[in-house]
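**Student:** My questions are about this predicted structure, shown below with the sequence.
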Amino acid sequence: MSWQQYPQPAQYGVTPVAITDQEQPSTALVVVAWVLTAFTSLYLLPWAIAATRGKRDQVGILLINLLLGWTVIGWIVALVLSLLNHRPIAVVPVPVAALPAAPLPGWYPNPNGPGQRYWNGHAWTDQLA
């Protein structure tokens, strides 16, 4: 089922949320990636970006970067791969938070003029004060 085929939130109380292949980045790996990027004068920048963003194919990006990065075109390909959006795995309907409850029945300032008007919990009545 595609994103557009899911029910609209107002109709059925759900909203579609995409689940991607993004992984939780390892802090140690991210630090190592950025330190090596600094030592290599930004040569490993595509891999550092991929590691920071939690790309599932960061090992492949590292290999392209190491083996083909010296050709400049290989470095650009690795950079583009590290910046691409994460691949969606599934689209799941998630319940929308309940709408706030209507005000309790009672007298409230008249929205149409001076004085007060009675709200019965669902609609304004003709009772004015």
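**Tutor:** Received the coordinates, thanks.

**Student:** so when I look at residue 93, I'm seeing a strand, right?
**Tutor:** Yes - using DSSP: H, G, I helix; E, B strand; the rest coil, the secondary structure at residue 93 is a strand.

**Student:** ok, what's across the strand from it?
**Tutor:** Taking DSSP bridges as the rule, residue 93 bridges to residue 16.

**Student:** Tell me, how many residues neighbour residue 82?
**Tutor:** By other Cβ atoms under 10 Å, the residues close to residue 82 number 23. Where C-beta positions appear, they are placed from N, C-alpha and C, glycine not excepted.

**Student:** Setting aside sequence neighbours, what's the nearest residue to residue 61?
**Tutor:** residue 50 (4.4 Å; Cβ to Cβ, 6 or more residues apart in numbering).

**Student:** Could you double-check that the one you found sits in contact with residue 63?
**Tutor:** No - between residue 50 and residue 63 there is no contact under Cβ atoms under 8 Å: 11.3 Å.

**Student:** Would you mind telling me which of those two has the busier surroundings?
**Tutor:** Neighbour count, other Cβ under 10 Å: between residue 50 and residue 63, residue 50 has more, with 27 against 14.
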